[in-house]
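J.: No letters, just coordinates:
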RNA sequence: GGAGGGAUGGCCGAGUGGACGAAGGCAACGGUCUUGAAAACCGUAGUGGGCGCAAGCCCACCGGGGGUUCGAAUCCCUCUCCCUCCGCCA
């Protein structure tokens, strides 16, 4: 959520931001008009309330019954008007809120301006796409041949975009999760195990609602929403809190499954395990002082990179342009890992500074050290990493001519010392 | 699922229609006293919004949302959460 003052004081900043995001800037005028009307109404209604308060006190002091009745009668009209204006005001504020709730964050000035993902900028690449003495297979073939991914039974159970991991496949998934959590713990993050279903307010806080309702699963009877990412509970965890300044920054990491309808991606990436309705992810999250959030972004990016480096994978860092930036983000770096079998760079992590955007939605503030008014803090989120695509990269990069897959060294302690996955 | 009891400021806790933004205590902060500290004493302290250059004035907030009333922490409705007991359950 953007600060309403931005619309009053720097409307062009917001218009430009929306235009750079390839969106219609006319909502800005709508917000300004609503805000103006709201303030005029507030003034009127508060004026009447002040009148009423004064009169009520007087009535309380009036002993003479007749005079009292006269005063009460006079106030009845005022009270009725207040009631009516209050109702109007409520409606107006609800509208203003719902319009504001759908306006994305303002991109950081350093973000390259661009139309879509084609204008993203590759910042750096670490490693080179590996040369194979044989034709590397895509993971769906490797997984099937090894007997560690069962697509057919996944579909039998749950339909398209579901699969079963079996034997070393399931263990590899678990090993990756455990290893990532341990790595982030060593980087200073506190491990969190959150609920996987949360209430609507929690999903609103991180920005997935109301705009991305179509991509979320929720219970039809109760207010339960399946988390599309751990970012949701990690944001909402501190909803409506004022944190002490000296406890910042706070570093959190969490594993959760993520549930997404993928309505917008219908027909895309249907092959393999690249895009499922349910997938695992280890997330990093930082609550930061505003003045430190730039540095926090650098740390988080480095921490995410360490995950890929630790697995010995070739990857590149891509800075998203304004047109490809997520709703809540001010600035985002994607990490893309090379998948030689599929022959593509796969997005395994998205590291973003969202500034105070989520903090405003979630009403999370901090009290500056030494006292003072509470202020909104900054939040950052980043995957470290998305599991299925990491799994793809591991399988495709570590595949051998004989069809086996060598296990990255870092993971071996998590797999009872096993060094290779052979057909089972 | 059934029955009952609760929710008040950072914390504890009083308050059942009229100067209550809310007694009292604890904690916090500033000061007096002290060589220093403690104790004691004095004082300051919430959040959001509107108007204003400012000083400041006003409005709202006693779990959330509605309502009754000239006036609500207090009465009514509703929702949420917590506690106790019973039932069921991994």
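T.: Received it, and whenever you're ready, just let me know what you need. Owing to the predicted nature of the structure, the values given are computational and were not obtained by experimental measurement.

J.: which SSE is the closest residue to residue A:44 other than its chain neighbours in?
T.: Closest residue to residue A:44 apart from its sequence neighbours, by C-beta to C-beta, 6 or more residues apart in numbering: residue A:85 at 6.2 Å. (Glycine included, C-beta is placed from N, CA and C.) Here residue A:85 is covered by helix A:65-100, with elements defined by DSSP states H and E.

J.: now the closest residue to residue A:127 other than its chain neighbours: how far from RNA strand B?
T.: For residue A:127, the nearest residue in space outside its immediate sequence neighbours is residue A:314; the separation is 3.4 Å by C-beta to C-beta, 6+ apart. Counting by C-beta to the nearest atom of the strand, to the nearest Å, the gap between residue A:314 and RNA strand B amounts to 42 Å.

J.: what do you get for residue A:228?
T.: Residue A:228 is 22 Å from RNA strand B, by C-beta to the nearest atom of the strand.

J.: do residue A:151 as well
T.: 30 Å.

J.: ok, now which ones touch that residue?
T.: Applying C-beta atoms under 8 Å, 6 or more residues apart in numbering to residue A:151 gives the contacts A:140, A:144, A:163, A:164.

J.: One more: residue A:42?
T.: By C-beta under 8 Å, 6+ apart, the residues touching residue A:42 are residue A:89.

J.: now it, what's its secondary structure?
T.: For residue A:42, the assignment made with DSSP: H, G, I helix; E, B strand; the rest coil gives helix.

J.: What residues does the stretch 51-200 of chain A have near RNA strand B?
T.: By C-beta under 7 Å from any atom of the strand, the part of the stretch 51-200 of chain A that sits against RNA strand B consists of A:52-57, A:59-61, A:72, A:75-76, A:78-79, A:82-83, A:87, A:90.

J.: list the contacts for residue A:313?
T.: A:127, A:337, A:338, A:393, A:394, A:397.

J.: where's the fifth one, which helix or strand?
T.: The secondary structure element spanning residue A:394 is helix A:387-397 (assigned by DSSP H and E).

J.: Other residues contacting that helix?
T.: With C-beta under 8 Å, 6+ apart as the contact definition, helix A:387-397 has outside contacts at A:130, A:136-139, A:142-143, A:172-173, A:176-177, A:272-274, A:276, A:279-282, A:311-314, A:337-342, A:346-348, A:405, A:408.

J.: Centre of the chain to it, how far?
T.: Its chain's average C-alpha position is 23 Å from that of helix A:387-397, according to C-alpha atoms, centre = their mean, to the nearest Å.

J.: do the same with stretch A:271-280
T.: Relative to its chain's centre, stretch A:271-280 lies at 18 Å (C-alpha atoms, centre = their mean).

J.: List the buried residues of that stretch.
T.: When burial is assessed from 16 or more other C-beta atoms under 10 Å, stretch A:271-280 yields the following buried residues: A:272, A:273, A:274, A:275, A:276, A:277, A:278, A:279, A:280.

J.: Please convert those to a markdown table, extending it with secondary structure.
T.: What follows is the buried residues of stretch A:271-280, written out as a markdown table (three-state DSSP):
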| residue | secondary structure |
| --- | --- |
| A:272 | coil |
| A:273 | coil |
| A:274 | coil |
| A:275 | coil |
| A:276 | coil |
| A:277 | coil |
| A:278 | strand |
| A:279 | strand |
| A:280 | strand |
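
J.: Show the contacting residues for residue A:62.
T.: Counting by C-beta under 8 Å, 6+ apart, residue A:62 makes contact with A:68, A:71.

J.: all helices for the stretch 1-150 of chain A, in order.
T.: With DSSP state H, counting those that start in this stretch, the ranges of helices along the stretch 1-150 of chain A come out as A:4-9, A:11-20, A:27-61, A:65-100, A:139-146.

J.: Then the stretch 201-350 of chain A?
T.: Assigned helices in the stretch 201-350 of chain A, in chain order: A:231-236, A:293-310 (criterion: DSSP H, counting those that start in this stretch).

J.: Could you say which of these is packed most deeply?
T.: Ranked by average neighbour count under the criterion mean count of other C-beta atoms under 10 Å, the helices of the stretch 201-350 of chain A are headed by helix A:231-236 at a mean of 27.

J.: Now do that helix: which elements does it pack against?
T.: Packed against helix A:231-236, as judged by 3 or more C-beta pairs under 8 Å, 6 or more residues apart in numbering; DSSP states H and E, are the following elements: strand A:197-198, helix A:200-206, strand A:250-259, strand A:278-288, helix A:357-362, strand A:378-386.

J.: Noted, bye for now.
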